[in-house]
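In: Turn this into a model:
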Amino acid sequence: MGNCQSILLAEIPDSNVTKCLQSGIIRWYFNNLMVAFQEKDFITFSKSFARIDFEQNGWNTGEGGRFVVINTPHQDIQFVFKEYEHQKLCLLFDKSRAELEILHIKNN
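Out: This is a model prediction of the structure:
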């Protein structure tokens, strides 16, 4: 990440998605979490994320809200997203994928 010249693909409060122009790595920042992806993996993840069904996979909180738990390849690390966070992040990921498409069109 040291000498990476990044461009902002999309941003919402407490979250953004950037792309390093040198390596092509996509970085998603959310609260205190940062995840790096190869572009094809980001696209796959973001589309899968959008298909999360809170009716089937959600857990109820004591306050009446819902959340989901997403397992990762590391058995000790899981992501937890509230339903309202999921909705905002889906919009962020949609905009990020659209910006990636625009970049590809501009570069070809």
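In: any idea how far residue 69 is from residue 5?
Out: Distance of residue 5 to residue 69, given as C-beta to C-beta, to the nearest Å: 35 Å. For the C-beta atoms, the positions are set from N, CA and C on the backbone; glycine is no exception.
In: and residue 22, what does it touch?
Out: Neighbouring residues of residue 22 by C-beta atoms under 8 Å, 6 or more residues apart in numbering: 3-5.
In: Can you list the neighbours in contact with stretch 38-47?
Out: Residues outside stretch 38-47 that contact it (C-beta under 8 Å, 6+ apart): 17, 19, 24-26, 28, 37, 93-94, 96-97, 100.
In: Drop anything exposed from those.
Out: 17, 19, 25-26, 28, 37, 93, 96-97, 100 (16 or more other C-beta atoms under 10 Å).
In: Same list, those residues, but as TSV with secondary structure please.
Out: Shown next, in TSV, are those (DSSP: H, G, I helix; E, B strand; the rest coil):
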residue	secondary structure
17	strand
19	strand
25	coil
26	strand
28	strand
37	strand
93	helix
96	helix
97	helix
100	helix
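In: returning to what we had before: which one of the contacts of residue 22 is nearest residue 75?
Out: Taking C-beta to C-beta as the measure, residue 75 sits nearest to residue 4 out of the contacts of residue 22, at 29.8 Å.
In: Quick check: chain neighbours aside, which residue is closest to that closest one?
Out: Leaving out its chain neighbours, the residue that sits closest to residue 4 by C-beta to C-beta, 6 or more residues apart in numbering is residue 20, at 4.0 Å.
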